[in-house]
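**Q** could you look at this predicted model? Sequence included:
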Amino acid sequence: MSSELPAVPLDSPKPCAVSPFVRALTLSCFEEFALLQGINPAEMLRRASLPVELLRRQEGILAYRRFCALLELCTWQSANPLFGLQYGLHQGVSIFGPLLYLIRNARTVGDALIELKENFALHNAAAHVALAVDDEVAVLSYHIYERDLPGIGQAEELAIGVGMQLMRTLVGGNWLPSAILLRHAPLTDPTVYRRTLACNPTFNTACHGLVFPAAVLAQPLGSANETLHQLLTAHVHNMERLSADEMPSFVRQLLRNMLPSGRVTIDKVADCMAINSRTLQRRLAQEGKSFQDLLDETRQIMACEYLEDPLISTAQMADLLGYSDLSAFCRAFQRWFSMTPREWQKRHCPEHQPRLLRRLRVLR
């Protein structure tokens, strides 16, 4: 088998600014699948040092190292050695979010996989996808930049499950690869893999991926819409890449996810990002920011958003922004805007005032 495979770049060099982060979409369907496995999804996230709010904020980000650790934790907790693989099959194409629409509106299967390869960093900057073709054989492979992560085997098998479901979405529900390549030894009895995948994987291979006839790449996609594809291409090109020099943006997103759960410190954020707090401080300073700057900015934005919602009281706002009490929040708000939260609301959201006051204003 290995002699018939095209040359696949096994250890592609890291880009000059590798980001260790992925979109929270990586956790697509996690809550549902964890419950099916008999484990508590919120508890698993907390034990993996990940905010539970990531399940509700798919635009958020998380450290890929933490995601791999979560998979490893779930594997042990569920006593299911194929947790990652089965989770990937369960997730399917939901993991790609907006990128899926671009892929499905490509002209052919090959064009769709090229779109996936070229735009994968929008979704996951800790790994990359490769597509190699040699005569009649094609290999769609998945490569994680850091090779020493706990749980990496589960993450790689998850990618295989997702890849299988993507190909079935593009080619047809009964699609099977010619071969499934796994870099590691079996994580359980190989017959369990066969029951799960409907074919026997090849273990201890040089790369990690799916092998199939190259002719499949020329198959046209029935869902293709050239005009829509052009619009989606323009939209995707305007999306924020997960680049390593966007540390302040990552911290802001994590703060939005973590603040509603209580007081947030730089140590908690750094732990979620799988780095130490000194490294985080240094990298923020390189971007001309401090953690306190970002915390204040995020709280200001969130406070204004909450004030636009008439159903949220100022006491609730204080809790959602991680303040110990209402007075601490009001003092901070006064410092930011030189007015109280109620004064800000009257000025910017007059429609939230009691109906009688609004009627009096109209009569005047």
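**A** That came through fine.

**Q** got the domain ranges for this protein?
**A** 2-237, 247-358 (automatic domain parsing).

**Q** pLDDT averaged over the longest one - what is it?
**A** The average of the pLDDT scores along domain 2-237 is 86.

**Q** can you map out the strands along the stretch 101-250 of the chain?
**A** Along the stretch 101-250 of the chain, counting by DSSP state E, counting those that start in this stretch, strands occupy 127-134, 137-144, 179-181, 209-213.

**Q** which of these sits closest to Thr75?
**A** strand 137-144 (16.8 Å; Cβ to Cβ). For every residue, glycine as well, the C-beta is placed using N, CA and C.

**Q** and the closest one, what does it pack onto?
**A** When contacts are defined as 3 or more Cβ pairs under 8 Å, 6 or more residues apart in numbering; DSSP states H and E, strand 137-144 packs onto strand 127-134, helix 152-171, strand 209-213.

**Q** returning to what we had before: which one of the domains of the chain is the most hemmed in?
**A** Of these, the one with the most neighbours on average (mean count of other Cβ atoms under 10 Å) is domain 2-237, at a mean of 18.

**Q** still on that earlier bit, output the strands of the stretch 101-250 of the chain in CSV, with distance to Ser28 appended to each entry.
**A** Below are those laid out as CSV (distance: least, Cβ to Cβ, whole Å):
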stretch, distance to Ser28
strand 127-134, 16
strand 137-144, 17
strand 179-181, 22
strand 209-213, 20
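
**Q** now for those, which one comes closest to Thr314?
**A** strand 127-134 (43.8 Å).

**Q** the closest one pairs with which strands?
**A** Strands that pair with strand 127-134, judged by DSSP bridges, come out as strand 137-144 (antiparallel).

**Q** now the partner strand, how far from the centre of its chain.
**A** 21 Å (Cα atoms, centre = their mean, to the nearest Å).

**Q** and if you look at stretch 289-302?
**A** Distance, stretch centre to chain centre, for stretch 289-302: 23 Å (Cα atoms, centre = their mean).

**Q** which outside residues touch that stretch?
**A** 248, 251-252, 255-256, 259, 264, 266, 269, 280-281, 284, 320-322, 332, 336-337 (Cβ atoms under 8 Å, 6 or more residues apart in numbering).

**Q** mind doing that once more with 6 Å?
**A** 248, 251-252, 255, 266, 321, 336 (Cβ atoms under 6 Å, 6 or more residues apart in numbering).

**Q** my guess is Ala48 meets Ala69, correct?
**A** Yes. Counting by Cβ atoms under 6 Å, Ala48 does reach Ala69; the two are 5.2 Å apart.

**Q** before we move on, back to that, rebuild the contacts of stretch 289-302 as JSON lines, extending it with pLDDT and distance to Leu210.
**A** Listed next are the contacts of stretch 289-302 as JSON lines, based on pLDDT from 0 to 100; distance: Cβ to Cβ, whole Å:
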{"residue": "Pro248", "pLDDT": "82", "distance to Leu210": "38"}
{"residue": "Val251", "pLDDT": "85", "distance to Leu210": "36"}
{"residue": "Arg252", "pLDDT": "84", "distance to Leu210": "37"}
{"residue": "Leu255", "pLDDT": "86", "distance to Leu210": "38"}
{"residue": "Ile266", "pLDDT": "89", "distance to Leu210": "42"}
{"residue": "Leu321", "pLDDT": "89", "distance to Leu210": "46"}
{"residue": "Trp336", "pLDDT": "90", "distance to Leu210": "52"}
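
**Q** restricted to helices, list those.
**A** Counting by DSSP state H, these place 248, 251-252, 255, 266, 336 in helices.

**Q** of the strands of the stretch 101-250 of the chain, which is nearest Phe30?
**A** That would be, of the strands of the stretch 101-250 of the chain and by Cβ to Cβ, strand 127-134, which comes in at 18.0 Å.

**Q** how much does the closest one deviate in direction from helix 152-171?
**A** 60 degrees (axes from the mean of the first three to the mean of the last three Cα atoms, to 10 degrees).

**Q** how far off centre is strand 127-134?
**A** 21 Å.

**Q** repeat for stretch 80-98
**A** Here stretch 80-98 is found 13 Å from its chain centre; the criterion is Cα atoms, centre = their mean.

**Q** again, but for stretch 172-182
**A** 25 Å.

**Q** quick one: end-to-end length of it, please.
**A** 23 Å (Cα to Cα, to the nearest Å).
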